[in-house]
Structure formats: structure tokens, C-alpha cells
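Colleague: Any chance you can model this:
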Amino acid sequence: MSSTVNKNADVIANTAIAMFIESGYEKVTISEICNAAGVSRSVFYATFSGKSQIIEYVLERSIQDQEVAFSEILDAPNDFERMWVLCDRHLSHTLRFGPKLGVTLLQLDVARKIDILEKTQDLFDWLIRLGKNAKAAGLINTPEPLEIMVPLMINSAYQTCYEWARCGGTFNLRARCRVILESALNAAPEHRWTKEQLNNA
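Modeller: Numbers count the residues shown, from 1 in each chain. As a prediction, this is how the structure comes out:
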């Protein structure tokens, strides 16, 4: 993308996501997005093919924004906590979008208009590498290969995100996903969060 197209994409995407969260994905029209973003329909369609591509763009942009993630990963005390940093960054999409837009993401995924798990494939690779280090250091004790456990863990967290959205955000998503990570990988007791940490997640 050129810098102009990139700038247009960011303006349109940020405007659209805010509108989706406030009014609902289905209720927001392309014309309303264009008016709110201050762009013409021709500029919109030169940037995005439709509303679902905006969602894809936001997910991809966040995944590719590694500067903050790299800093957080370096600051984590060990490789198990680095795994959590990566997972938590992906949870932030769901939390930012909120329950209503989260349900819409599920519907778009089921309709094959977006593919969320495909966009997290790099995450699988990083988690497997970090998991092997964590296992060698005794931070986790899963007897199963990480190549099996990481996809199971991510799929479970994925389903939990949509259960959270379907239930209107009535449970602590971060705490639930932290427990999934600890349980799936059989984290050593000293590396599991306390009840207080889970409650404050």
C-alpha cells in the first residue's frame, strides 16, 4: 500500500470500527462510514472491497504491529509468561471490539468472509517455540508435544472468546483464557495465577 492508501485505510478502519461498536456492524452502511471518515465512496472502494475487509485489515494491522509486542515480550520474566503476552495481545482484539461486534466476527468467520484462525498462524509457531523453551525450563509440564497442545489451546481460547461475546461479556475473558493456558500446558504451580490475580485480570 502507498502511504496515501495506508492513511486512508487507517482513517476508514478506525472510523468504521468505532461505528460498528456503537451501532452494530449490520446497521452501519458504507455511505455512513464514508461521511464519518470524510472520504468519497470511490476512495473507500479503492481501499476496501466492503465492510468485512475492514475487519480483516484491523486484525492484520494489529497482528503485524510487533513493536509494542516485542517490548512486552522482552519485559516478561520467562518464556511461559511470554506465551501469555502473545495470547493476551490477541485477546485485546475481542475485548476492544466488545461482545456485539464479537458475535459479528463469529458470523463473518462462519460465513467464510474472514478467517480469524488463519491470521493467527504465526502465533502458533511462536507459541510452540516458546513452549518448548518453557518445558525445558520446567515452567510447564505437559507430556504431550507442543505441536499438539498449542493448536488445542488456541482453539479452546477461540471458542471461549465467542462464548464470551454470545453471553454479552458476562465473565472475565482474560482470566478464563489464562486458566486455559495454564491447564492445557500443565503450568508449574508457582507459575499459575492466584485467585486474586485472576479476579484482577
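Colleague: Just the CA coordinates for stretch 134-143, please, in CSV.
Modeller: Taking C-alpha atoms only, stretch 134-143 is exported to CSV below (Å, rounded to 0.1, in the frame of the first residue of the first chain):
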residue,chain,number,x,y,z
ALA,A,134,9.3,-23.3,28.9
LYS,A,135,9.0,-27.1,29.0
ALA,A,136,12.8,-27.5,29.1
ALA,A,137,13.0,-25.0,31.9
GLY,A,138,10.3,-26.8,33.9
LEU,A,139,7.8,-24.0,33.7
ILE,A,140,5.2,-26.2,32.1
ASN,A,141,4.8,-30.0,32.4
THR,A,142,2.6,-31.1,29.6
PRO,A,143,3.5,-34.7,28.5
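Colleague: in that stretch, what's buried?
Modeller: Going by neighbour count (16 or more other CB atoms under 10 Å), the buried part of stretch 134-143 is 134, 135, 139, 140, 142. Placement of C-beta: from N, CA and C, glycine included.
Colleague: go on, stretch 32-49?
Modeller: Across stretch 32-49, burial judged by 16+ other CB under 10 Å covers 33, 34, 37, 39, 43, 44, 47, 48.
Colleague: Restricting to C-alpha, output it in CSV.
Modeller: Coordinates of each C-alpha in stretch 32-49 appear next as CSV, following Å, rounded to 0.1, in the frame of the first residue of the first chain:
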residue,chain,number,x,y,z
GLU,A,32,-22.3,6.4,6.7
ILE,A,33,-18.7,5.3,7.0
CYS,A,34,-17.6,7.5,4.1
ASN,A,35,-19.4,10.5,5.6
ALA,A,36,-18.0,10.0,9.0
ALA,A,37,-14.4,9.3,7.7
GLY,A,38,-14.6,12.3,5.3
VAL,A,39,-13.8,10.2,2.2
SER,A,40,-15.7,9.5,-1.1
ARG,A,41,-17.2,6.2,-2.0
SER,A,42,-14.5,5.9,-4.7
VAL,A,43,-11.8,6.3,-2.2
PHE,A,44,-13.5,3.7,0.1
TYR,A,45,-13.7,1.1,-2.7
ALA,A,46,-10.1,1.9,-3.8
THR,A,47,-9.1,0.9,-0.3
PHE,A,48,-11.6,-1.8,0.8
SER,A,49,-13.9,-4.2,-1.0
